[in-house]
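Student: Sequence plus predicted model, see below.
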Amino acid sequence: MTENSLKVLEYYRLLDIVSSYAASPLGRSNCLSLKPLQKLESIESEQRLVSEMKELVCTKGFVPLSSLFDLRPMLRKASKKGAFLEAKNFLSIHNLIGISPACDILAKEIAKSITEDGKISDRASPLLSSLRSQRVSQRMVIEKRLNEILSSLASSDDNIISVRDGRYVISIKTAKKNVIKGIVHGYSSTHSTCFIEPVAVVEENNYLVELTDREKEEEKKVLKRLTGFVSDFSYELVSCLEIMERFDGLFARAEFSRAIKAIRPILSTDKMIYLSDALNPILLSLYLESSKGNKEGSLEPVVPIDIKIDSKKNILIISGPNRGGKTVALKTIGLLTLMTQSGMHIPAKEGSTVSVFNNILAEIGDDQDISAGLSTFSARLEHLKEIIDRADRNSLVILDELGTGTDPDEGASLAMAMLDYFSQKGSLSAISTHYQRLKRYGLINKKAQNASVEFDKEKGQPTFKLLSGMPGVSHAIEIAQDLGIRDEIIDRATMYLGKERGRPDSVMEDLVKMMEEVKSEKEDLTLAKEKYELSIDCAVK
């Protein structure tokens, strides 16, 4: 798969949409890293897993993975000598173990040592529990002594007990600070109040600071011990992380499949693409998003298409009006094939079949490179050369407006030669064109087939339906009129067109009409035959 092909088919845009269905950042990362697989067994395995996940979600509901995130930087820190994790870090690790589940010993140790709000528990060590108990008792002793001092003052309404730099002090009006013998620890912003540590509690405060320091040291030992545990289990934790990352990625693909009502495609060892009622997944996602809550101005529903390309008819030529859906049809073929090989369900009818390709090679749209001094045609030829060099019997080639950008006769001749080459190599090809010679090529070449995007003449607009077996007409004048081009220009264009009534475009339009009539008559005959056979069966019964 070339990078340019993935880009022009909007594969990465699709991955971005799929990733939005993940429950966690890890799952989103997993989706964004998806690449098309090339081994049939691997693709079948991925497709099966997505189907199973879809069934799980349908029966059990949402999977709780929203708190999952990448712990690998944390685990790398844990492996460094002398480093230790913060208490709240262990909650993330415990959460990973809880949804895995795995590493029971580590999980129990974290649960014993860290509280649910990310603090170090009293149960983390006997010494820590003892030090905290002593600190509480010592604080009560100091507070009692300070309250006695305050009560001995003539007026203590404005005097309160507070803590400055870990030491208990009392606040007193600066003007009265000499009333109490002690150490001044600072003043208020207005300097009207000072904070004094009475001499009577200096020793008690010293002991409290000592207990606090010993408590912090013991907490650090607890964190170091837990960090060592985490480091010992780092391999298992990384494995759990990778499993859950993949699990959430599968969950996202399953949710996306549910959202767009996708199906698991049939994988074929024969070279073929049979798509029934296929929808462009990006346009479908945009439509579903715009339709939420019955918003005004929502997009039009996406029109399904049918595609059939195989080794007998390995060239598909799509023609018809601009803005009619030719490029969308090509992107739909490419995207649904890429989705299949990336282990995603596709928005199509049950029974749709796709084979596995080593190369999906696409060239869509103008790619003029001014900085390199290349014209649009030259720039496209650069990509086409790469496609030609890569194409083989395991390739799908998708080319938009092949041969344009130069003289029409030369461009069409070059396009036909390329299609011959791809066909002889055994590649499946799908192209779009306005060229009459390529449309006739599709009628004459036994390996080729025509398809056209339908145009509603009464409304003067394309219907976006893809009609197989017949070439299309550009309807340039009708589209120009629909876009509001001046009537005088439309009238003169119609006049010029009338003067060339015997031109190939007119012949092609007449041919399309004849083919439509034949198709209609065939459908009528089939219906009449079915009715006749039904009446015979009823008569026999």
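Tutor: Sure, I can see it.
Student: what about the stretch 101-250 of the chain, any weak spots by pLDDT?
Tutor: 154-158 (pLDDT under 70).
Student: What segments of it are strands?
Tutor: 161-164, 167-173, 182-187, 193-198 (DSSP state E, counting those that start in this stretch).
Student: Quick one: closest of those to S423.
Tutor: strand 161-164 (85.9 Å; CB to CB). In this view, the C-beta of every residue, glycine as well, is placed from N, C-alpha and C.
Student: got the buried residues for that closest one?
Tutor: Across strand 161-164, burial judged by 16 or more other CB atoms under 10 Å covers no residue at all.
Student: Parallel or antiparallel, list what pairs with that strand.
Tutor: Strands that pair with strand 161-164, judged by DSSP bridges, come out as strand 167-173 (antiparallel).
Student: List the contacts of the strand it pairs with.
Tutor: 139, 142-143, 146, 149-150, 158-163, 179-180, 185, 188, 192-198, 201, 205, 208-209 (CB atoms under 8 Å, 6 or more residues apart in numbering).
Student: can we see that at 6 Å?
Tutor: Strand 167-173 is contacted by residues I142, L146, N159, I160, I161, H185, T193, F195, I196, E197, N205 when judged by CB atoms under 6 Å, 6 or more residues apart in numbering.
Student: for the third one, what are its contacts?
Tutor: Think N159. L150, I170, S171, I172 are the contacts of N159 under CB under 6 Å, 6+ apart.
Student: Would you confirm that V201 contacts E143?
Tutor: No: applying CB atoms under 6 Å as the test, V201 and E143 come out as separate, 9.4 Å apart.
Student: M272: which of the strands of the stretch 101-250 of the chain is closest?
Tutor: That would be strand 161-164 among the strands of the stretch 101-250 of the chain, by CB to CB, at 78.7 Å.
Student: any idea how far that closest one is from the chain center?
Tutor: 54 Å (CA atoms, centre = their mean, to the nearest Å).
Student: How about stretch 342-351?
Tutor: How far stretch 342-351 lies from its chain's middle: 17 Å, per CA atoms, centre = their mean.
Student: Would you mind writing the CA trace of it as PDB?
Tutor: C-alpha atoms of stretch 342-351 as PDB (Å, rounded to 0.1, in the frame of the first residue of the first chain):
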ATOM      1  CA  SER A 342      -7.900  -3.700   8.400                       C
ATOM      2  CA  GLY A 343     -10.400  -5.900  10.200                       C
ATOM      3  CA  MET A 344     -13.400  -3.600  10.000                       C
ATOM      4  CA  HIS A 345     -16.900  -4.500   9.100                       C
ATOM      5  CA  ILE A 346     -18.200  -2.700   6.000                       C
ATOM      6  CA  PRO A 347     -21.400  -0.700   5.300                       C
ATOM      7  CA  ALA A 348     -22.900  -3.000   2.700                       C
ATOM      8  CA  LYS A 349     -25.500  -5.800   2.200                       C
ATOM      9  CA  GLU A 350     -24.900  -9.300   3.600                       C
ATOM     10  CA  GLY A 351     -23.100 -11.500   1.100                       C
END
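Student: which outside residues touch that stretch?
Tutor: Contacts with stretch 342-351, where a contact means CB under 6 Å, 6+ apart, come from 34, 36, 46-47, 50, 253, 257, 260, 262-265, 275-279, 281, 284, 336, 339.
Student: which parts of that stretch are buried?
Tutor: Those would be S342, G343, M344, H345, I346, P347, A348, for stretch 342-351 by 16+ other CB under 10 Å.
Student: do the same with stretch 217-229
Tutor: For stretch 217-229, by 16+ other CB under 10 Å, it's E218, E219, V222, L223, L226, T227, F229.
Student: before we move on, what about stretch 444-455?
Tutor: Quick answer for stretch 444-455 (16+ other CB under 10 Å): N445, K447, A448, Q449, N450, A451, S452, V453, E454, F455.
Student: Max pairwise distance over those residues: which two?
Tutor: K447 and F455 (26.9 Å).
Student: want to try TSV for the contacts of N159, with distance to S239 and neighbour count as columns?
Tutor: Below are these laid out as TSV (distance: CB to CB, whole Å; neighbours: other CB atoms under 10 Å):
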residue	distance to S239	neighbour count
L150	61	17
I170	57	22
S171	57	17
I172	62	23
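Student: Of these, just say which sits nearest to N89.
Tutor: Of the contacts of N159, the one sitting nearest to N89 (CB to CB) turns out to be S171, at 38.0 Å.
Student: got any ranges where the stretch 401-541 of the chain has weak pLDDT?
Tutor: 457-461, 472-477, 479, 496-520, 537, 539-541.
Student: so where do the strands sit in it?
Tutor: 428-432, 448-456, 461-468.
Student: Convert the shortest one to CSV, retaining C-alpha atoms only.
Tutor: Taking Å, rounded to 0.1, in the frame of the first residue of the first chain, the C-alpha atoms of strand 428-432 are listed here in CSV:
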residue,chain,number,x,y,z
LEU,A,428,-8.5,-5.3,-10.8
SER,A,429,-9.0,-1.8,-12.1
ALA,A,430,-11.7,0.8,-11.5
ILE,A,431,-11.5,4.2,-13.2
SER,A,432,-13.7,7.3,-13.9
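Student: Which strands or helices does that strand pack on?
Tutor: strand 315-319, helix 326-341, strand 395-399 (3 or more CB pairs under 6 Å, 6 or more residues apart in numbering; DSSP states H and E).
Student: switch to 7 Å and redo it
Tutor: strand 315-319, helix 326-341, strand 395-399, helix 408-425 (3 or more CB pairs under 7 Å, 6 or more residues apart in numbering; DSSP states H and E).
Student: ok so, going back, columns distance to Y532 on top of the strands of the stretch 401-541 of the chain, output as TSV?
Tutor: Converted to TSV, those look like this (distance: least, CB to CB, whole Å):
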stretch	distance to Y532
strand 428-432	38
strand 448-456	30
strand 461-468	27
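Student: Could you tell me which of the contacts of stretch 342-351 belong to helices?
Tutor: Among the contacts of stretch 342-351, the subset assigned to helices under DSSP state H consists of E46, Q47, V50, R253, S257, P281, L284, L336, M339.
Student: ok, which pair from those is furthest apart?
Tutor: E46 and L284 (21.1 Å).
Student: that older thread, redo the helices and strands packed on strand 428-432 as a markdown table? Include distance to F62.
Tutor: Shown next, in a markdown table, are the helices and strands packed on strand 428-432 (distance: least, CB to CB, whole Å):
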| stretch | distance to F62 |
| --- | --- |
| strand 315-319 | 41 |
| helix 326-341 | 23 |
| strand 395-399 | 36 |
| helix 408-425 | 46 |
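Student: So which of the ones you listed is nearest D482?
Tutor: helix 326-341 (17.1 Å).
Student: Could you check how far the closest residue to K112 other than its chain neighbours is from D213?
Tutor: Excluding the flanking residues, the one nearest K112 by CB to CB, 6 or more residues apart in numbering is R123, at 5.4 Å. For R123, the distance to D213 equals 21 Å [CB to CB, to the nearest Å].
Student: Also L153?
Tutor: 32 Å.
Student: what does N206 give?
Tutor: With CB to CB as the criterion, N206 and D213 are 11 Å apart.
Student: Next, give phi and psi for the residue nearest to P408 when sequence neighbours are not counted.
Tutor: Leaving aside its sequence neighbours, P408 sits nearest to Y435 (CB to CB, 6+ apart; 6.2 Å). Dihedral pair for Y435: phi -70, psi 130, per degrees, to the nearest 10.
Student: Right, I'll call it a day here.
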